[in-house]
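> output the structure for:
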Amino acid sequence: MPSSVTLRNLPPDLPQSRSNTDSSDRRWITLSAGILIALWLAIYVASMFTPPLLDDADTVHAEAAREMLLRHDWVTLYTNGFRYLEKAPLMYWELAVSYKLFGISDWSTRLPLMLGVLALVLATYALGRFAFGERGGFYAGLALVTSVGTFIFTRFLIPDVLVALWLTLGYCFFLRSLEESPPSRWTCWGFAATCALNVLTKGLIGLVFPVGAIGLYLLLTGNLRHIWRLRLVSSAIVFLVIAAPWHILAAIRNPAQGQARGFLWFYFINEHVMRFLNKRVPPGYDTVPLLLFWTLLAVWLIPWAVFLPQALREVLVRLSRIRNGMDRRQRSNFLFALWSLVILVFFSFSTRQEYYTIPALPAIALLVGGWLQREESSNRDSTERRTGRISSTVLLAVGILAFVIGLVVLAAAHPPAAGADLADLLKKNPQDYDFSLGHVLDLTPEALGLFRGPLLGFSLSMLLGTVTNWRMRRRGLTRWGNVALTLMMVGLLTCVHFAFVEFNPILSSRDLAVAIQK
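Below you'll find the model as predicted:
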């Protein structure tokens, strides 16, 4: 008995206690990271090899990377022999390296983006772990790796997931700087480096988004003096060393010549200012209606977005106290809310595509992950558990509705005749093709007959997942409810992939190219 009392009263900073704690932390980190990596393998790597590349963004961007290798020119992008000055280079550098290492193929084209997804999921987990603890970080990463939006918009070769990665890492450095007195060089330089990499990924928004959200955070919390603690001179040097060389070389190698304007006008004025004002030459994509654009941010995080209202309520409760000091959790939640808000407001005054909200998805996943951690750690009669059960009931209603609609569509979608061509069964809506998902509106009941398998799998996944989650949360087993939702999303996203493979001949000329090549 005396020995047990002595052990129980050991101070936590003794070497033995610290060693045990560190060992336990490492085990949890290994387990959480292992689960997230396994889900990434099942969802993203398994779908990396099919279908063929699309005719639009995929092939244009892949060709730019291929010509980069052929020309040995890592400064000026070319597609089909023409200069392609409107894009920042980082994604194309990654593609060219992948081609150099693994050859040119569909899967080697998608590999850098898939690795970017993995890095984003692990960065979200690390940031959530810093803000909310181990369980909150894990649920944030879980929500992101199984989200609809992250999956759909990695079917196209676009850099928005990489933008989200650099934002996540940048905000992680910033939150750490708030707890360091003064902030270390590596923290400040790390933030500057992530901003520079983001500029090399998608232009000036890589600087506008973090500066906007952090500036608003410091203004509202009455802590603007923190800016001067971020080692502005040395951080600016780090930023310029990374971001400036390519821009300078591109301007030197592509000057204005007579009536032909050079890189500086085309890249900064036409592709940034004029695109924002919807006056780009030539006109770009169409603009998603504003209300739909805001709503899609929650849609892309289905099913986890059903817990977003209570997560946002936790942020709003703290607004009255933001100038009186907040703990780490409150600071993080407030920053995550501003992170997503700045992106939504920015594009509210500009042209908008469905995927422009993707860089805000980690912020929403983090808010939801923090709330799921609170729900799980609270007692059975707590407010968190009650609101969790309400959300699971809402999700159950959605699941049942999706199942019924799926059965109705299946009943109406008769199997097509043997040898039927999908193209002959679709409607044509060219006025909607300026939206990234516009071709989905071409589907008809007859065309859906080719998608009976994915439709059935989708409907069953929604029903079984939402019913199981509802039952588990009713019994107080929130962790198992989250397991049910995770498995539901694995099945659902697998069905989405198979449907995409079936639909791909409409979006890709691969079969025609192979026939011509023969």
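> show me what the mean pLDDT comes to for the helix or strand in which Leu367 is found.
Using DSSP states H and E, the element containing Leu367 is helix 361-377. Per-residue pLDDT values over helix 361-377 give a mean of 94.
> pull out the buried positions in the helix or strand following it.
Following helix 361-377 in sequence order, the next helix or strand is helix 383-412 (DSSP H and E). Buried residues in helix 383-412, defined by neighbour count with 16 or more other CB atoms under 10 Å: 384-385, 387-389, 391-392, 395-396, 399, 402-403, 406, 409-410. (Each C-beta comes from the backbone N, C-alpha and C, glycine too.)
> so which of the residues you listed is the closest to Arg275?
Of all the buried residues of helix 383-412, the one sitting nearest Arg275 is Ala402; the distance, using CB to CB, is 36.2 Å.
> next one: the closest one relative to Leu292, how far apart?
From Ala402 over to Leu292 the distance is 19 Å, taken as CB to CB, to the nearest Å.
> same thing with Val299?
Separation of Val299 from Leu292 (CB to CB) stands at 9 Å.
> more neighbours, those two?
Between Val299 and Leu292, counted using other CB atoms under 10 Å, Val299 has the larger neighbour count: 14 against 11.
> let me see the contact set for the more buried one.
When contacts are counted by CB atoms under 8 Å, 6 or more residues apart in numbering, Val299 touches Val148, Gly149, Ala305.
> return the subset of those residues lying in helices.
When these are checked against helices (DSSP state H), the matches are Val148, Gly149.
> most neighbours among the contacts of Val299, which one is it?
Greatest neighbour count in the contacts of Val299, by other CB under 10 Å, goes to Gly149: 25 neighbours.
> any idea of the pLDDT on that residue?
Listed pLDDT for Gly149 reads 90.
> cool, and Phe458?
The per-residue pLDDT of Phe458 was computed as 90.
> let me see the contact set for it.
Listed by CB under 8 Å, 6+ apart, the contact partners of Phe458 are Ala402, Gly406, Leu492, Cys495, Val496, Ala499.
> burial check on Phe239, number of neighbours?
Counted by other CB under 10 Å, the residues lying close to Phe239 total 20.
> do I have it right that it meets Cys195?
Yes. Here Phe239 lies in contact with Cys195, judged by CB atoms under 8 Å, at a distance of 5.9 Å.
> can you tell me the helix or strand for the spatially closest residue to Leu111 that is not a sequence neighbour?
Take Leu111 and drop its neighbours on the chain: the residue closest to it by CB to CB, 6 or more residues apart in numbering is Ser98, 5.1 Å away. Element membership of Ser98, judged by DSSP H and E, is helix 90-102.
> same check, this time on Cys172
Under the assignment given by DSSP H and E, the secondary-structure element containing Cys172 is helix 160-177.
> picking that back up, turn the contacts of Phe458 into TSV, columns for distance to Ala515 and pLDDT.
Supplementary listing: those in TSV, determined by distance: CB to CB, whole Å; pLDDT from 0 to 100:
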residue	distance to Ala515	pLDDT
Ala402	39	90
Gly406	35	85
Leu492	34	93
Cys495	30	90
Val496	28	89
Ala499	24	83
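> can you add distance to Phe349 and give these back as CSV?
Listed next are the contacts of Phe458 as CSV, based on distance: CB to CB, whole Å:
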residue, distance to Phe349
Ala402, 34
Gly406, 38
Leu492, 34
Cys495, 37
Val496, 32
Ala499, 35
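> from Ser382, how far out is Gln310?
When CB to CB is the yardstick, Gln310 and Ser382 sit 12 Å from each other.
> which residue of these two possesses the greater neighbour count?
Under the criterion of other CB under 10 Å, the comparison of Gln310 against Ser382 puts Gln310 first, with 21 against 13.
> quick one: contacts for that one?
Under the criterion of CB under 8 Å, 6+ apart, the neighbours of Gln310 are Trp371, Glu384, Thr387, Gly388, Ser391.
> swap in Trp74?
Contacts for Trp74 were tallied using CB under 8 Å, 6+ apart; they are Met68, Pro89, Trp93, Ala96.
> ok, now Thr357?
Under the criterion of CB under 8 Å, 6+ apart, the contact list for Thr357 reads Gly149, Phe293, Leu296, Leu297, Trp300, Ile343, Leu344, Phe347.
> how about 7 Å then?
Phe293, Leu296, Leu297, Trp300, Ile343, Leu344 (CB atoms under 7 Å, 6 or more residues apart in numbering).
> what about the second one, helix or strand, and which?
If I follow you right, that is Leu296. Per DSSP H and E, the secondary structure element for Leu296 is helix 290-299.
> tell me which residues in that helix are buried?
Phe293, Trp294, Leu296, Leu297, Ala298.
> can you check stretch 115-131 too?
For stretch 115-131, the neighbour count (16+ other CB under 10 Å) marks 115-131 as buried.
> same question, stretch 197-213
Under the neighbour-count rule (16+ other CB under 10 Å), stretch 197-213 has 197-206, 208-210, 212-213 buried.
> among those residues, which two are most distant?
Taking CB to CB as the measure, the buried residues of stretch 197-213 span a maximum distance of 19.6 Å, between Leu200 and Ala213.
> give me the phi and psi for Phe82.
Taking degrees, to the nearest 10, you get phi -100, psi 140 for the backbone angles of Phe82.
> could you give the bridge partners of Phe82?
Under DSSP bridges, the beta-bridge partners of Phe82 are Thr79.
> could you report the neighbour count for it?
By the other CB under 10 Å criterion, the neighbourhood of Phe82 contains 9 residues.
> check what pLDDT it gets.
89.
> again, but for Ala192
Confidence at Ala192, expressed as pLDDT, is 96.
> distance check, it against Gly370.
Per CB to CB, Ala192 is found 27 Å from Gly370.
> please apply the same query to Ser509.
For Ser509, the distance to Gly370 (CB to CB) stands at 45 Å.
> looking at the two, which is more packed in?
Residue environment comparison for Ser509 versus Gly370 gives the larger neighbour count to Gly370, 26 against 15, counting by other CB under 10 Å.
> which non-adjacent residue is nearest that one?
Residue nearest to Gly370 in three dimensions, not counting chain neighbours: Phe132, with 4.3 Å by CB to CB, 6+ apart.
> CA-only coordinates of stretch 121-136 in PDB, if you can.
Coordinates of the C-alpha atoms in stretch 121-136 are reproduced here as PDB (Å, rounded to 0.1, in the frame of the first residue of the first chain):
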ATOM      1  CA  VAL A 121      -4.700  15.000 -44.100                       C
ATOM      2  CA  LEU A 122      -1.700  14.500 -41.800                       C
ATOM      3  CA  ALA A 123      -1.200  18.300 -41.500                       C
ATOM      4  CA  THR A 124      -4.800  18.700 -40.500                       C
ATOM      5  CA  TYR A 125      -4.400  15.900 -38.000                       C
ATOM      6  CA  ALA A 126      -1.300  17.600 -36.600                       C
ATOM      7  CA  LEU A 127      -3.000  21.000 -36.400                       C
ATOM      8  CA  GLY A 128      -6.100  19.500 -34.800                       C
ATOM      9  CA  ARG A 129      -3.900  17.600 -32.300                       C
ATOM     10  CA  PHE A 130      -2.200  20.900 -31.400                       C
ATOM     11  CA  ALA A 131      -5.600  22.700 -31.000                       C
ATOM     12  CA  PHE A 132      -7.800  20.000 -29.400                       C
ATOM     13  CA  GLY A 133      -5.700  17.100 -28.400                       C
ATOM     14  CA  GLU A 134      -5.200  13.700 -29.900                       C
ATOM     15  CA  ARG A 135      -8.800  12.800 -30.400                       C
ATOM     16  CA  GLY A 136      -9.800  16.100 -31.900                       C
END
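> what comes into contact with that stretch?
Taking CB under 7 Å, 6+ apart as the criterion, the residues outside stretch 121-136 that touch it are 28, 32-33, 36, 40, 137-138, 140-141, 144-145, 165, 168-169, 171-172, 175, 328-329, 332, 362, 365-366, 369-370, 373, 376.
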